[in-house]
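1. For reference, the sequence and a predicted model appear below.
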Amino acid sequence: MAQKPVSPASKAKEKERERGHKDFDRDRKERFNEEKLVQRAGGRRRAGSNGRADVPSQVTVEGPMTVGEFAKLLHREASEIIKKLLFLGVMATINQEIDTDAMELIASEYGVELVVKEPVDEEAIDMLVEADNPEDLVARPPVVTIMGHVDHGKTTLLDAIRKSRVVATEAGGITQHIGAYQVEVGGRKITFLDTPGHEAFTTMRARGAQVTDITILVVAADDGVMPQTVEAINHAKAANVPIIVAVNKIDKPEANPDRVKQELTQYGLVAEEWGGDTVFVNISALKKEGLDQLLEMVLLVADLQDLKANPKARPRGTVIEAKLDRGRGPVATVLVQNGTLRVGDIVVAGTTYGRVRAMTNDLGKRIKEAGPSTPVEIQGLGEVPSAGDLFVVYDDERAARQLVQKRTNREKAEQMQTTARVTLDDLYRQIQEGNVKELNVIVKADVQGSVEAIVGSIEKIDVAGVRVKVIHRGVGAITESDVALANASNAIIIGFQVRPDTNAARAAEEHKVDIRLYRVIYDVTSELESAMKGLLEPEFKEVVLGHAEVRQVFHISKVGTVAGCYVTDGKLTRDAECRLVRNGVVVYEGKLDSLKRFKDDVREVASGFECGLTLERFNDIKVGDVVEAFKMEAVKPE
Ligand SMILES: Nc1nc2c(ncn2[C@@H]2O[C@H](COP(=O)(O)OP(=O)(O)OP(=O)(O)O)[C@@H](O)[C@H]2O)c(=O)[nH]1
C-alpha cells in the first residue's frame, strides 16, 4: 500500500501524536503483537543473525501494519523506522500503515528475516461447518418450492395457501410480499418460497444455495405432463429434492387425474397406490380443495427427511430476494437456515456486509430475532446482494469488511479468467485429476426419436469407470433454462439438429457452458468417447459470422426461392457456410448460392443492411427463418 505523503502542516500534530504514542507504549494491541512475536519465536526471544539480543532474527507479519506496530515488532523506536522509510522515499507517520514490501526492506536493514503469513482466512468461517451439539438440534420447518408448467396453477396455489393459512396475527394477517412466507398447519410451520418456477430455483442452486427441502410439482389435470413439467422434474432431481405431485384443476369437467399419474410414471414418479413412493394429491387451487391434505403430505415428507437445525449455531442462510428501497436502502429477504439471526448482528452476504438495523417478517411485523427456516426481510446491508448469495454472521466488523474486500477482488479476477468448467476439450484432464466421475449431459434434439437414440447410445459409454449421466432431455431449441441447469450441475449440452436461442447462447457464453452441436448421431458418441479418453482432437471450431432474418420470399422460376433478408448481427459473406434455422431447429445446412444487394452480387453484407440470397439446392425458405452464417476455423492445440 503506497503511503500518502504527509503535509508539513500536519507534521506538528504528528509529532504530538508520536509522543502520545510513546506514552501509549503498553497499548493492548502492541502488547498483543509482542506476545505473538514471542510465541512465534518459540516462546522466548532469540538473538538475531544480527547478533543483537534485542533484535529478533525473524518476524512474521500478516499484512500491512502501522509504522508504530512494526517498530514494536523490531524492538526499535518508531522514529528510527520513520527515518529509514524516508531514505526509501516513503513518508509515513507512526500511525500510517506500510505494506509488506516496505517492511521487508526495513527488516533487511536490521538483518531480520520477514515472513509474510497469509492472513487468517475469514472465509474459513463461511465454510466452517461447526459441529453441532446433538442436544442443540431441534426440528425445523420444511422449505417448499412450487414448480410446474406455465398456467398449471402455481401462483393460484401459492396465493390460496398463503391466504388460508398464514400464521394468524393481531395485525389481521395482511401479508407482505417478501419472497417467502410461512403457514401453520396443526401447530407446525411450513415455509414457502414465493417465486414459482424452476429457473429461480436453479439460478439459486448455481450460486451454491440449497434452500429447498421439498418441491410441489403442479400438474393441471386437464392438460397433463408438459415440457416444463419435465424440466421441473429434472431440475428437482438434479438437486436431490423430493417431489410431491399436486394434480391441480380437478374441478374442471375435463380433468383426468389418472392420466397425469400414468404420464408421470415415465419420469420415475410412481404413485404409492401403484407401488411407487411418490405422493400424489388431487387439488383445486381455485376452489381451495385438497389444500389441507397437500399440506399434511408436505409435513409427512418433511418428517421422513428429519429436518433439523441448531438455533444456537452461528447464524447463516441464503438471500432469497433483494432490492434497493428508496426509503430504506438495500433490503434483502433472507432465509435463516441455521442459528438465530438477531437485530444488531453483522452479516456478510456475497460481496456486501452490514449490521442488521431492522427485521420484518412476512406479515410486515418488526421482529427482533428469526430462527431456522424463517424468512425475514433485513435492512442494514451496504449494498444489494444477489438472490442465492449465502449469508453468515460475523463477530467483528473488521473481519466482515476484509472478507467482502477479498471477495470483491476475487470476483473481479474471476471475471477476467474463465472458470473451471467441464468442457469436452478439457474433460480428459479433469477425469485424470479425479474432478469428474460422472459426465452430466443435457440432450436436446429436433425430434423425440433422435433424443431417445442419442440418450440410449451415450448412456452406454463407460470409459475407465467414468459414465455419462443424462440429467435432462427434450425436444426443441436449447433454452436459457437448459443452460441454467447445465451451469448448476456442471453439465455439457448436446444439441442435435437444434440451436441455442439468443438468450441461451448469451448465457452459455457468460457461464462458459459447453454446447456441442451435431448432425450425425454417431458423431455424438464417438466425440464423447474420444474426449473421455483424451483423444479428442479439436481440429476445427465453428465461428458464427452473423445472422439474417428472412423477411420476404419470392419464387422465381429457374432460380428457385429467393429470400429477402435483413442482417441482424455480424455479417453474411458469400463464401460462408450457412444454415437455415426455423424455431430453433436446423432445417438446412450448406452454402449460399448467391448473395445480392439490389441487383449486384456482393461479397458480404453487414449488420443493419438488407440483401437477397438463395441457398444451394434448397428452396423451402419461409418468412421468419433465420440464416446463420459461419465458418470453420482451425483450432490451435493448447
Ligand atoms: N378451474 C381451475 N382453474 C385454475 C385452477 N388453478 C389455477 N387455475 C387457473 O389457471 C390459470 C393459470 O393459473 P396460474 O396460477 O396463473 O398459473 P401459473 O402456473 O402460476 O402460471 P405462470 O405464472 O404463467 O407460469 C388461471 O386462470 C387460474 O385461475 C384450478 O384449480 N381450477
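-> Arrived safely, thanks for sending.
2. pull the longest strand from the chain.
-> strand 540-556 (DSSP state E).
3. That one pairs with which strands?
-> Partner strands and pairing direction for strand 540-556 (DSSP bridges) are strand 560-573 (antiparallel), strand 626-634 (antiparallel).
4. contacts for the helix or strand where residue 580 lies?
-> Assigned by DSSP states H and E, residue 580 belongs to strand 577-582. Under the criterion CB atoms under 8 Å, 6 or more residues apart in numbering, residues 499, 572, 586-592, 615, 618, 621-622, 624-632 lie in contact with strand 577-582. (Each C-beta comes from the backbone N, C-alpha and C, glycine too.)
5. tell me the most buried of the strands paired with strand 540-556?
-> For the strands paired with strand 540-556, the largest average neighbour count (mean count of other CB atoms under 10 Å) is found in strand 560-573, namely a mean of 19.
6. And it, how far out from the chain middle?
-> How far strand 560-573 lies from its chain's middle: 37 Å, per CA atoms, centre = their mean, to the nearest Å.
7. Show residues contacting that strand.
-> Residues outside strand 560-573 that contact it (CB under 8 Å, 6+ apart): 544-556, 578, 592, 595, 603-615, 619-621, 625, 627, 629, 631.
8. For PyMOL, write the selection for the buried entries among those.
-> For the buried members of the contacts of strand 560-573, the matching PyMOL selection, counting by 16 or more other CB atoms under 10 Å, is:
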select buried, resi 545+546+547+548+549+550+553+578+592+595+604+605+611+612+613+614+615+621+625+627+629
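9. The stretch 301-450 of the chain: strands as residue ranges?
-> Here the stretch 301-450 of the chain has its strands, by DSSP state E, counting those that start in this stretch, at 308-309, 316-325, 329-338, 341-342, 346-349, 352-360, 366-367, 369-370, 375-381, 390-394, 438-445.
10. For residue 58, which of those is the nearest?
-> strand 390-394 (31.6 Å; CB to CB).
11. Packing partners of that closest one?
-> When contacts are defined as 3 or more CB pairs under 8 Å, 6 or more residues apart in numbering; DSSP states H and E, strand 390-394 packs onto helix 123-127, strand 316-325, strand 346-349.
12. For the stretch 401-550 of the chain, give me the ranges with low pLDDT.
-> Residue ranges of the stretch 401-550 of the chain with pLDDT under 70: 412-422, 433-436, 535-540.
13. Where does it get nearest to the ligand, which residue?
-> residue 481 (12.6 Å; CB to the nearest ligand atom).
14. What does residue 601 show for phi and psi?
-> phi -70, psi 140 (degrees, to the nearest 10).
15. Tell me, how many residues neighbour residue 514?
-> 18 (other CB atoms under 10 Å).
16. What of residue 623?
-> Using other CB under 10 Å, residue 623 has 11 neighbouring residues.
17. ok now do it, which residues does it touch?
-> Per CB under 8 Å, 6+ apart, neighbours of residue 623: 550, 551, 552, 553.
18. please redo it, this time with the cut-off set to 6 Å
-> With contact taken as CB atoms under 6 Å, 6 or more residues apart in numbering, residue 623 is in contact with residue 550.
19. so how far is residue 554 from it?
-> 11 Å (CB to CB, to the nearest Å).
20. coming back round to it: could you dump the strands of the stretch 301-450 of the chain into CSV and include distance to the ligand and mean neighbour count?
-> CSV is the format used below for these (distance: least, CB to the nearest ligand atom, whole Å; neighbours: other CB atoms under 10 Å):
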stretch, distance to the ligand, mean neighbour count
strand 308-309, 30, 18
strand 316-325, 17, 21
strand 329-338, 20, 24
strand 341-342, 30, 20
strand 346-349, 28, 24
strand 352-360, 26, 20
strand 366-367, 29, 12
strand 369-370, 28, 20
strand 375-381, 20, 24
strand 390-394, 27, 22
strand 438-445, 21, 23
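21. Quick check: which ranges of this structure have low pLDDT?
-> With pLDDT under 70 as the threshold, the chain has low-confidence stretches at 1-55, 118-132, 165-176, 197, 199-200, 206-208, 412-422, 433-436, 535-540, 634-638.
22. Name the residues of the longest helix seen in it that are buried.
-> The residue-count maximum for a helix in the chain (DSSP state H) belongs to helix 397-416. If you call a residue buried by 16+ other CB under 10 Å, then helix 397-416 has these buried ones: 399, 400, 401, 402, 403, 404, 407.
23. I'd like to know which elements it is packed against.
-> Here helix 397-416 touches strand 346-349, going by 3 or more CB pairs under 6 Å, 6 or more residues apart in numbering; DSSP states H and E.
24. can you list the residues of this protein near the ligand?
-> The chain comes close to the ligand at residues 148, 150-156, 196, 248-249, 251-252, 284-286, as judged by CB under 6 Å from any ligand atom.
25. Filter these down to the ones in strands?
-> Using DSSP E, the residues of the chain next to the ligand in strands are 148, 248.
26. quick one: which of the residues of the chain next to the ligand has the most company?
-> residue 248 (32 neighbours).
27. Show me the beta-bridge partners of that residue.
-> Where residue 248 sits in a bridge, its partners, by DSSP bridges, are residue 220.
28. Could I get the contacting residues of it?
-> Counting by CB under 6 Å, 6+ apart, the residues that residue 248 touches are 153, 218, 220, 283, 285.
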